[in-house]
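Peer 1: Take a look and give me a structure for this.
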Amino acid sequence: MDTNILLDSGTNELEMLEFQVGDNNFGINISKVVEIMINQEVTPVPNSPEAVEGVFIPRDKLISVIDLHKVLNVQHERSGKEIFIICEFNKMNVAFHVTKVKGIQRISWAEIADPPAIADSSSMDAIGLATGVAKIEGRIIIILDFEKIVATLNKNAGLDLEGIDRSMHPSEEIGNKRIIVADDSKFLNKLITDSLNNIGYHNISSFSNGQDAWDYISQFKDQEGDITSHIACVISDIEMPRMDGHRLTKLIKDDSVLCKIPVILFSSLINEQMIEKGKAVGADAQFSKPQIAELISHLTSLLSKQE
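Peer 2: Numbering: from 1, shown residues only. Model prediction:
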């Protein structure tokens, strides 16, 4: 599938693949999608979770298959015409088994609302796994937290904490600098902030979308002194409801005062194409989401130079 349909950097737009699981509509960022194919025969993996159907090897690449019907507790009868959505993110290849694909929708992140606040973030149903909700032509489309789905089924698919060592520990002064974290996944947002806290960063403000992060950051424009004494760094996901990470970065870097704030993009979508988009909006560094150790090492080095 041709996914080379990137939009201009910083436009806050999304191209989303709409699909169904049972009768319900869901969406995934087209940048995560490698290919769509009719469901294939898979080989079961012993002792794997029920939602993991097994593995198959198209074109010499081993791919795990996750049945979203089981993840979302949707009852259905197999038709033989169901679909595998082959995805690549967090340096993994995963196939999501869905009922059918409906097409590609191009919308603004501003049209995607945060999921209901009453949702239980530990739940493995559609609401507990939602990172955003959109309404298109009268249909409610739920954006799923695919990283949480995979990490819940495979504990090795979360953040890679190996490689974090004492050399990354900041001084007390640096550890008290204010860091902004923006990530719509409650699961990964907490992992990131906990990792930073554990290494010695204790002044962290976290947000679930770029708009809330921007509203908070922009209020410091009129503060006296160097802006980095108020906000030392912004660590942002790319995919977020209301405002994505590229748009957030562009707004910061286009502002004559805020532009001095370093922005690190930390996303499951980091690849050659996304790196170019990040550079275009002025990101200071970009890391793929599993590699938290690389991000922390760069952060400690970056903030040390602000002294």
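
Peer 1: Residue 134: which element?
Peer 2: Using DSSP states H and E, residue 134 maps to strand 130-136.

Peer 1: hmm, who's touching that strand?
Peer 2: By Cβ atoms under 8 Å, 6 or more residues apart in numbering, the surrounding residues in contact with strand 130-136 are 16, 18, 27, 105, 107, 111-116, 119, 140-145, 184-185, 239-241. To be clear about C-beta, it is placed using only N, CA and C from the backbone, and glycine gets the same treatment.

Peer 1: Show me what the following helix or strand past it is packed up against.
Peer 2: Once strand 130-136 ends, the next helix or strand along the chain (criterion: DSSP H and E) is strand 139-144. Other helices and strands packing on strand 139-144, by 3 or more Cβ pairs under 8 Å, 6 or more residues apart in numbering; DSSP states H and E, are strand 13-21, strand 24-29, strand 130-136.

Peer 1: if you set the cut-off to 7 Å instead, what comes out?
Peer 2: strand 24-29, strand 130-136 (3 or more Cβ pairs under 7 Å, 6 or more residues apart in numbering; DSSP states H and E).

Peer 1: Average pLDDT for the stretch of helix or strand residue 94 belongs to, rounded please.
Peer 2: Residue 94 is part of strand 92-98, with elements assigned from DSSP H and E. Across strand 92-98, pLDDT averages out at 92.

Peer 1: Identify the residues contacting residue 267.
Peer 2: 237-238, 245, 289 (Cβ atoms under 7 Å, 6 or more residues apart in numbering).

Peer 1: and if you look at residue 141?
Peer 2: By Cβ under 7 Å, 6+ apart, the neighbours of residue 141 are 18, 25-27, 134.

Peer 1: in the sheet, who's paired with it?
Peer 2: residue 25, residue 134 (DSSP bridges).

Peer 1: how near is it to residue 211?
Peer 2: 19 Å (Cβ to Cβ, to the nearest Å).

Peer 1: Output stretch 69-88 in PDB with nothing but the alpha carbons.
Peer 2: Extracted C-alpha coordinates of stretch 69-88, given in PDB (Å, rounded to 0.1, in the frame of the first residue of the first chain):
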ATOM      1  CA  HIS A  69     -12.300  -8.600  17.700                       C
ATOM      2  CA  LYS A  70     -10.900 -10.300  20.800                       C
ATOM      3  CA  VAL A  71      -9.100  -7.300  22.100                       C
ATOM      4  CA  LEU A  72     -12.300  -5.300  21.900                       C
ATOM      5  CA  ASN A  73     -14.600  -8.100  23.000                       C
ATOM      6  CA  VAL A  74     -16.600  -8.000  19.800                       C
ATOM      7  CA  GLN A  75     -18.500 -11.100  18.900                       C
ATOM      8  CA  HIS A  76     -18.400 -12.000  15.200                       C
ATOM      9  CA  GLU A  77     -18.600 -14.900  12.800                       C
ATOM     10  CA  ARG A  78     -15.600 -15.300  10.500                       C
ATOM     11  CA  SER A  79     -16.500 -14.700   6.800                       C
ATOM     12  CA  GLY A  80     -13.200 -15.500   5.100                       C
ATOM     13  CA  LYS A  81     -13.200 -12.000   3.700                       C
ATOM     14  CA  GLU A  82     -11.800 -10.300   6.800                       C
ATOM     15  CA  ILE A  83      -8.800  -8.000   6.600                       C
ATOM     16  CA  PHE A  84      -5.300  -7.800   8.000                       C
ATOM     17  CA  ILE A  85      -3.900  -4.300   8.400                       C
ATOM     18  CA  ILE A  86      -0.200  -4.600   8.400                       C
ATOM     19  CA  CYS A  87       1.500  -1.900  10.400                       C
ATOM     20  CA  GLU A  88       5.000  -0.800  11.400                       C
END
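
Peer 1: Which residues in that stretch does the neighbour count mark as buried?
Peer 2: 69-72, 74, 82-88 (16 or more other Cβ atoms under 10 Å).

Peer 1: State the helix or strand in which residue 194 lies.
Peer 2: helix 186-199.

Peer 1: which helices and strands does that helix pack with?
Peer 2: helix 146-153, strand 179-182, strand 204-207, helix 292-304.

Peer 1: Check which helices and strands the longest one sits against.
Peer 2: In terms of contacts (3+ Cβ pairs under 7 Å, 6+ apart), helix 292-304 is packed against helix 186-199, strand 233-236, strand 263-267, strand 285-288.

Peer 1: What average pLDDT does the third one get?
Peer 2: Confidence over strand 263-267, taken as the mean pLDDT, stands at 95.

Peer 1: ok, that strand: who's next to it in the sheet?
Peer 2: strand 233-236 (parallel), strand 285-288 (parallel).

Peer 1: Which one of these lies nearest to residue 99?
Peer 2: For the strands paired with strand 263-267, distance to residue 99 was read as Cβ to Cβ. The smallest value, 30.3 Å, belongs to strand 285-288.
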